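Asks: sequence and predicted structure are below.
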Amino acid sequence: MSNAHHESNSPNGAASHSDHAVGLGLYFAVFAALLVGTWLTVWVAGRDLGAWNTPVALGIACAKASLVVLYFMHVRWSSKVVWLAAAIGFVFLVILLGFTISDYATREWLEIYSEPLRSR
Amino acid sequence: MSESHGAHGGALAHHFEDLEQQREAHTLGMWAFLVTEVLFFGGLFAAYAVYRSSYPEAFANASNQLDPVLGGMNTAVLIGSSFTMVLAVHAAQLRRKWQIVGWLLATVVLGAVFLGVKYVEYHHKWEHHLIPGPNFMFEGQPGGSEQLFFALYFSMTGLHAFHMVIGAGVLIWLSVLAARGRFDQPGRNAVEMAGLYWHFVDLVWIFLFPLLYLLGRHQ
């Protein structure tokens, strides 16, 4: 359907994704999966998983986020350089969170740090 | 505008070889912006991680003051707005003018519903003295570490809501341009780029919802 309007004459065929009008069915399936994921998030938050509540909640959130990035934001059909740009943001986020958390989580290992954050 | 309408019959700016290269540049530029946004919100998520691990009980108790039904409904509304946004982008790819206008405005309406619910929630916090500051009261006690949770709650949801207001403004502007026929030609990528931004805002909320509303629910 979209190809009827396809007017880019890029010779390498890379143009295919510019009019990559995926079926609306796929978008609807992603939409439905995101709603199911939201329901699952609420349901699982009501169960006591001990230390696992937050990792499970973040796992579901990451799965939902992946669906949004890959399908709604079209990264699945984008070029390698766009894929790289999208991924690098999350790489730097992991560095930011990882170094911050590893700092705060290990401060009390040192005796010199006699006043832990929470006692203030 | 320095645009030449060359052999492509589209809106090709003179510094690009073809429409595909132009579109690739637009997409890459938008993602470069979104990476800065990821780290913008990332700083707040880092602060959240530090203070929640320092005051886990205060955070769980404070979180239970939020309404997970309103939060969950708003999550569904925002996901719905991402769906209508993707339909607007789809219509833009097919250059169906009135479908673009319709889906963009549907997205704005859902965004407005989200912000309306947010207003109701903020108002509730105001009435219950849950705004951090000298008048903060939590379960009859002034002050307390619960203030930290609410400071982060208002910073994170406030920054998110601010992004939605900007996004809604952009979408209204684009729907006017669409109605005037701006997107009738190939090579106009603004709807798609606005879509990337709108989905990013949805993405942030996907993480905010469980981290702010649901962390004390299992106790």
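Replies: Everything's here; your move. What you are looking at is a predicted structure, and each value in this text was computed from that prediction instead of being measured.
Asks: now the top helix by length along chain B: buried residues?
Replies: Counting residues, the longest helix in chain B under DSSP state H turns out to be helix B:19-54. Residues B:19-24, B:26-28, B:30-31, B:34-35, B:37-38, B:41-42, B:44-52, B:54 are the ones in helix B:19-54 that count as buried (16 or more other CB atoms under 10 Å in any protein chain shown). Just so you know, the C-beta spots here come from the backbone N, C-alpha and C atoms, and that holds for glycine as well.
Asks: distance from the chain centre to the longest helix along chain A, please.
Replies: Using DSSP H, we find that the single longest helix of chain A is helix A:80-106. Relative to its parent chain, helix A:80-106 has a centroid offset of 12 Å by CA atoms, centre = their mean, to the nearest Å.
Asks: relative to helix B:19-54, how tilted is that helix?
Replies: Here helix A:80-106 runs at 10 degrees with respect to helix B:19-54, directions being taken by axes from the mean of the first three to the mean of the last three CA atoms, to 10 degrees.
Asks: which is the next helix or strand following the helix or strand containing residue B:113?
Replies: Taking DSSP states H and E as the definition, one finds residue B:113 inside helix B:97-127. Once helix B:97-127 ends, the next helix or strand along the chain (criterion: DSSP H and E) is strand B:137-138.
Asks: got the contact list for residue 34?
Replies: By default, I'm working from chain A. A:64, A:67, A:68, B:79, B:82 (CB atoms under 8 Å, 6 or more residues apart in numbering or on different chains).
Asks: wait, chain B was what I had in mind.
Replies: Residues in contact with residue B:34, defined by CB under 8 Å, 6+ apart, are A:86, A:89, B:196, B:197, B:200.
Asks: from chain A, how far out is residue B:69?
Replies: When distance is defined by CB to the nearest CB, to the nearest Å, residue B:69 is 9 Å away from chain A.
Asks: need the phi and psi values for that residue.
Replies: phi -70, psi -50 (degrees, to the nearest 10).
Asks: can you count the residues close to it?
Replies: Here the count is done by other CB atoms under 10 Å in any protein chain shown, and residue B:69 has 10 residues near it.
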